[in-house]
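**Q** No sequence on hand, only this structure:
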């Protein structure tokens, strides 16, 4: 009787061990380590504006741009694009790594037709850039376009270019600096290819609005360009006080661009000297409108 009870007890213990081991094994199999999602990289593309006659005459090297889409590293220190890229990188190395900054060069003529041609070239170049990057790195990158002056209207015309060429395109961030707001292109800002848009302008910038639409674009009821776009769901507009047209592509402005994109209020002062050596202080104030 005792032996029989001992066998029963031993059998119960063995069954219990098997059950516990199996349960532990099943639990181990069911556990999955949570996957970490990594944000796809974002490629930044700088697009310059119109090249005025006096700039072509006196600053040919400074405004020089290589036709088409090229890495910023292709530009030398004597060009403005070189300094733009390094100013962005210095402002936020994580957001703007130099190896992920590109520049698109076009002829810069003050002509709607030329901007339409440039938009088609830009569209093809951006699609090729995405395809080549994905093939090389195995991940599809996002696109961030930073434009100055009429480079903004070249970017807006991407909406028509991608439909004409049949190329799918999506711009994650479109940053417009002192873009002339014109009847011909202002409605394109609401297009679905632009996910997030920022527009920075200044009332001190006469060049932004001086382009006569009646000459370039035909009669649309407005003689000169405007400063602001109509409100859109994907658009944030900020007025920058005491800022000239060219200041938008200089380090004194670009160093604050990351903070502006994060919707932080900024105030920056810099000093300059007049011909007599007197120090003049200027203040760059950002106002959110």
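**A** Structure received. Small disclaimer: the values here were computed from a predicted structure and weren't measured.
**Q** OK, contacts around residue 105?
**A** By Cβ atoms under 8 Å, 6 or more residues apart in numbering, the contact set of residue 105 is 48, 65, 66, 67, 68, 70. All C-beta spots, glycine's among them, are computed from the backbone N, C-alpha and C.
**Q** quick one: the helices in the protein?
**A** In the chain, the helices defined using DSSP state H lie at 2-30, 53-58, 80-91, 112-137, 151-156, 158-165, 207-210, 213-216, 251-254, 257-261.
**Q** Any idea which of the ones you listed has the lowest pLDDT on average?
**A** Lowest mean pLDDT within these: helix 2-30, a mean of 51.
**Q** From residue 108, how far out is residue 206?
**A** Summarising the geometry, the distance separating residue 206 from residue 108, computed by Cβ to Cβ, to the nearest Å, is 19 Å.
**Q** Comparing those two, which residue is more hemmed in?
**A** In this comparison of residue 206 against residue 108, neighbours counted by other Cβ atoms under 10 Å, the higher total goes to residue 108 at 22 against 10.
**Q** so what's the more buried one up against?
**A** Taking Cβ under 8 Å, 6+ apart, we find residue 108 in contact with 48, 49, 50, 51, 63, 65.
**Q** now swap in residue 167 and tell me
**A** For residue 167, the set of contacting residues under the criterion of Cβ under 8 Å, 6+ apart consists of 123, 124, 127.
**Q** What's the local residue count around the last one?
**A** Meaning residue 127. Applying other Cβ under 10 Å, we find 15 other residues in the vicinity of residue 127.
**Q** Can you tell me how far the nearest residue to it once chain neighbours are set aside is from residue 157?
**A** If the residues on either side of it in the chain are set aside, residue 127 comes closest to residue 167, at 4.8 Å by Cβ to Cβ, 6 or more residues apart in numbering. In this structure, residue 167 and residue 157 are separated by 14 Å, where distance is defined by Cβ to Cβ.
**Q** before we move on, back to that, ok, so of the contacts of residue 105, who is nearest residue 179?
**A** Taking Cβ to Cβ as the measure, residue 48 is the one of those closest to residue 179, at 12.2 Å.
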